[in-house]
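Q: Using only what follows, build the 3D model:
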Amino acid sequence: MIATALDNLTAPPSSRLLGWRLLDARPKDGWIRIGFDGKRDFCNPAGFVQGGILSAMLDDTMGPAVFAMTEGRLYTATITMTVNFLAPARPGPITGEAKVTQLGKTVAFVEGRLMAEDGTLLATASTSARLVETAKAIASARSQPAALPA
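A: Below is the predicted model of the structure:
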């Protein structure tokens, strides 16, 4: 696999919770493949991975596609995300793929999809995301007050 800007980035807690791991990337093409863990803890009463979790997986696939494509210069802040749920997601490995369809000066458009281990297409998504310079995003995060203990 080719080296990407994601190689030196510490995954945030939400990504770790989802079992996020980079599987493949073609940064110049704006394409990425991410692996996730469809944990039983993520299931609804019917035994399928809850739709909000699948949406988080899609979001956590599409944003990194932009980050990798811009060599770590730009983060994304989701403006809109449309998700289509196509099949129930059973617990187990889930793979996300995303492709940057347009990278503007202030907004990116990205398409994503999730597949089950057997190749079943589980969900698709499209997003528009505001582009934020990485240095500014880090400075802003550091200036925020610490969270209150629970």
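
Q: and residue 2, what is it in contact with?
A: 25, 26, 27 (Cβ atoms under 8 Å, 6 or more residues apart in numbering). Yep, even glycine has a C-beta here, placed from its N, CA and C like the rest.

Q: And residue 118, by the same measure?
A: With Cβ under 8 Å, 6+ apart, residue 118 has no contacts at all.

Q: tell me the SS of it?
A: coil (DSSP: H, G, I helix; E, B strand; the rest coil).

Q: same check, this time on residue 114
A: Residue 114 - assigned by three-state DSSP - is strand.

Q: and what of residue 131?
A: strand.

Q: Over to the residue nearest the centre of the chain: give its phi and psi.
A: Nearest to the mean C-alpha position of the chain, by Cα atoms, centre = their mean, lies residue 60 at 1.4 Å. As for residue 60, its main-chain torsions (degrees, to the nearest 10) stand at phi -80, psi 0.

Q: how about it, what does it touch?
A: Per Cβ under 8 Å, 6+ apart, neighbours of residue 60: 14, 15, 18, 20, 34, 36, 96.

Q: List buried members of the contacts of residue 2 by neighbour count.
A: 25, 26, 27 (16 or more other Cβ atoms under 10 Å).

Q: could the contacts of residue 2 go into CSV alongside secondary structure, pLDDT and distance to residue 56?
A: What follows is the contacts of residue 2, written out as CSV (DSSP: H, G, I helix; E, B strand; the rest coil; pLDDT from 0 to 100; distance: Cβ to Cβ, whole Å):
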residue, secondary structure, pLDDT, distance to residue 56
25, strand, 96, 20
26, strand, 95, 24
27, helix, 95, 23
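
Q: and which of those is nearest residue 90?
A: The shortest gap between residue 90 and any of the contacts of residue 2 belongs to residue 25, at 26.5 Å (Cβ to Cβ).

Q: and the closest one, what are its bridge partners?
A: residue 32 (DSSP bridges).

Q: Can you tell me the element residue 14 falls in?
A: helix 13-18 (DSSP states H and E).
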